[in-house]
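Student: this is a predicted model, with the sequence first.
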Amino acid sequence: MRNETVQTDITVVGGGLAGVNAAVAAARLGRTVALVQNRPVLGGNSSSEVRVWVCGATAHGTHRYARETGIMGEMFVENQFRNPDGNPYFWDNVVLETVLAEPNIQLFLNTDVHEVEADGDEADRRIRSVTGWMMGSERRIRFESEIYLDCTGDGLVGFMAGAKYRIGREARSEYNEIWAPEEADGITLGSTILFYSKDAGHPVKYVAPSFAKDITKTSIPMKRVIRSGDSGCFYWWIEWGGELDTVHENERIRDELWSVIYGIWDYIKNSGQFDSENMTLEWVGSLPGKREYRRFIGDYVLNQNDILAQEEFEDRVAFGGWSIDLHPPQGMYATESGSKHLHADGNYHVPFRSLYSANVANLMFAGRNISATHVAFGTTRVMATCAVIGEGAGTGAALAVQHGTTPRGVYQEHLPELLQTLLRQDASVLGVRNQDADDLARGAAVSASGTLRRLGVEVPARAYALEEDAGLLFPVDGALSELELLVDAREAGTLAVEVWSTGRPQNYVPHTQETSAEVEVAAGGRQWVKVPVAWQPGEPQNAFVIVKANPALSLYLSDEPLSGVLAFQKNAGARTVKQLEDHGQDQKVVEWSMRKLVRQPICFRAYPQTTAYAPERVIDGYVRPYGGPHLWMSEPLAAGQEAWVELAWETPQQVREVRLIFNDDVNEDLINLHHHRTDFEAIPELVRDYRLEGEVDGTWQVLHRETGNHTRKRVIALEQAATVTKLRCVIEATNGGPRAELVEIRAYA
């Protein structure tokens, strides 16, 4: 046996997406990191060993402009470029390369941490080391660091360190949560094993193993959806163990899940009810994907009311948007629905105080074990949300080391720096504005080669019958005086329109009605109909326009999307209405859906001209939509035509680093595996070819040029500092979008 000691600033235990994001975030800020993972691959439940979809704040397209940025966003976009078909092994590579790209990270795979050295009393403890055994290598490795992050999911490190934690469901009275049970109990969400199937191209017989369960003797065929063509996460409901100890009885849970999977396949192949003659099993998981176990207690416990109220914590370091998604304790054997969902009106915030231990001074956590109630955990547990929480935790850990303090000390003494660091890294935070005193761009005058000022979508592709109310969202920057809609009228009728504000800037649902108007429409096709809808909001924000149902009228959809503009259909189906009634409250993001209208805006014109895409937007401090698009956009460009944004200073500035954020359309719901296939590999709005130019002694010089870009964030470190009076980002080509778009430009000495 070989004994080793590894000393780094930070040790991250757990190589799921939370741990990966935490490690990468800290490493990029100059800290040395040991990333310790007890499996041969990174990615946790998203890896090729388990193969769960990476879901997050978009909630499969339920929430708008919600896809994660930062490190998780980089992996989403890179995976889309490399792996549009969702190969799980290619996804493994994306995650692994994200880690290997950081020289400050030492990666230890197949290393199971099972020893923790900690001292101090129960109320004030500190971890001195953690020790793991590297399987297959006979290496016993001791990790010594200033800060430790428990990203294990099950919370083993924190448990052995003596950190306060909870397992199970809190009583309703403890946090006044309407979805909590009357009495506290030990119930958790269960675990799942998935399987893949494929068409072999010839008949394949199936002889079930002796341990396969006869599912016809259970409620499964009556209560769950079984289809021969489905596989993978479509069978998320193969879940069990919520009434057991999901850690200590993990082997029993695995055996039960296997028995049901092989029983389901027996049912598909041999019941005669499915067209499955040529189908065969391609892969069956061997590792239960756990949903829930320990949840640590931090300085703040996130709860259901925080989620639904979208509480704007001063220390918000990440956001989420998945529904509060809870499952019956009996899992796949329950006679009730396999899950119930409760959505906020938009994305919610996660506070930094929920990411460090209340009683172990140098312990942080990220992933499904953060400081949250069981009900709030129902939304924070999904992997893309765990990932962005990981980036927040890793950033906080890096600052704790830098300042020689604890995570609590970061909150108490360095919170503004934490938030600004996250924003500079393009992390997933909402409503935080750039106030970086070192960013030279903030003091520059901004101009551009041209700007889109006429707000509208004018090229129709297909008619859209007004059988139900339709919705249209666009930015209002100053005032809205008139709206034009492209209308077909089978017969003369009334076109009724309502203009609503959306409430919070991150929400994209009707909240308060501001004005309305009705106009008479003559019979005829493709007529632009003017509707007077005067509204002058006190600050720039989005307008949600409801076009009321009229079966005699049709609007038009376009195939030419416009950043900042969305279309919605009112989801009045019986299933949705029942779903809303079951929850006892409206769920506006469910009622107003855009899933079938992604990148298909309604044809319209809005007046007067807009300044929502003005060049000053690249330094307005926001790096994602928030009450408006917050980006510069040019007019449509002809083939080969360039466009530029320029920063100008009154006195020469020495520039060594430039940071650019391009528009990767965070409304597009990307996925790591196979939930759906996105039509393009590179987001069309992303800039493909560009160059940086600086005016040096009155002469323009090319400082940097890149071709073939397909990513959102570019950090350009110049070989030598340039002393410039002006700096330009010249956009030569996009990845298919008709306009040049830039979200942010920063410049540093």
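Tutor: That came in fine, so what should we check first?
Student: strands of the stretch 251-400 of the chain, start to end?
Tutor: For the stretch 251-400 of the chain, the strands defined by DSSP state E, counting those that start in this stretch occupy 279-284, 295-296, 316-320, 324-326, 340-342, 348-351, 363-365.
Student: tell me which of these is the most buried.
Tutor: Of all those, strand 363-365 has the most neighbours on average by mean count of other Cβ atoms under 10 Å, namely a mean of 31. (Each C-beta comes from the backbone N, C-alpha and C, glycine too.)
Student: so which of the strands of the stretch 251-400 of the chain gets nearest Ala606?
Tutor: strand 316-320 (28.6 Å; Cβ to Cβ).
Student: so what strands line up beside the closest one?
Tutor: Sheet pairing here is set by DSSP bridges, and for strand 316-320 it gives strand 348-351 (antiparallel).
Student: average pLDDT for the partner strand?
Tutor: Here strand 348-351 scores 98 as its mean pLDDT.
Student: show residues contacting it.
Tutor: If you take Cβ atoms under 8 Å, 6 or more residues apart in numbering as the criterion, strand 348-351 is touched by 300, 302, 306-308, 310-313, 315-321, 370, 379-380, 385, 389, 392, 430.
Student: what about Ala26, which SS state?
Tutor: When classified by DSSP: H, G, I helix; E, B strand; the rest coil, Ala26 comes out as helix.
Student: show me what contacts it?
Tutor: Asp9, Ile10, Val12, Val33, Asn104, Gly394, Thr395, Ala397, Ala398, Val401.
Student: can you pick the most crowded of those?
Tutor: Val12 (37 neighbours; other Cβ atoms under 10 Å).
Student: now do the same contact list for that residue.
Tutor: Contacts of Val12 by Cβ under 8 Å, 6+ apart are Gly19, Ala22, Ala23, Ala26, Val33, Ala34, Leu35, Val36, Tyr148, Leu149, Cys151, Gly394.
Student: so which of those sit within helices?
Tutor: Among these, DSSP state H puts Gly19, Ala22, Ala23, Ala26, Gly394 in helices.
Student: gap between Asn434 and Ile745?
Tutor: 11 Å (Cβ to Cβ, to the nearest Å).
Student: go ahead and build a ChimeraX selection from the buried members of the contacts of strand 348-351.
Tutor: Here is the ChimeraX selection string for the buried members of these, based on 16 or more other Cβ atoms under 10 Å:
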select :300,302,306,307,308,310,313,315,316,317,318,319,320,321,370,379,380,385,389,392,430
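Student: show the end-to-end separation of stretch 731-740, please.
Tutor: In stretch 731-740, first residue to last residue: 7 Å (Cα to Cα, to the nearest Å).
Student: got the contact list for it?
Tutor: Outside stretch 731-740, the residues touching it (Cβ under 8 Å, 6+ apart) are 452, 560, 633-637, 642-644, 680, 682-691, 707, 710, 741-742.
Student: pull out the buried members of these.
Tutor: Going by neighbour count (16+ other Cβ under 10 Å), these have 452, 560, 633-635, 637, 643-644, 682-691, 710, 741-742 buried.
Student: thinking again about what came up before, farthest pair within the ones in helices among the contacts of Val12?
Tutor: Between all members of the ones in helices among the contacts of Val12, the farthest pair (by Cβ to Cβ) comes out as Gly19 and Ala26, at 10.8 Å.
Student: which residue is nearest the centroid of the chain?
Tutor: Centroid-nearest residue in the chain: Glu68, 3.4 Å away (criterion: Cα atoms, centre = their mean).
Student: returning to what we had before: more crowded one of Asn434 and Ile745?
Tutor: Neighbour count, other Cβ under 10 Å: between Asn434 and Ile745, Ile745 has more, with 24 against 17.
Student: do you know how far Thr5 is from Val24?
Tutor: Distance, Thr5 to Val24, using Cβ to Cβ: 24 Å.
Student: domain-wise, how is this protein divided?
Tutor: Annotated domains of the chain cover 2-169+293-328+345-424, 191-284, 440-451+613-748, 456-607 [automatic domain parsing].
Student: out of those domains, deepest packed?
Tutor: domain 2-169+293-328+345-424 (a mean of 23).
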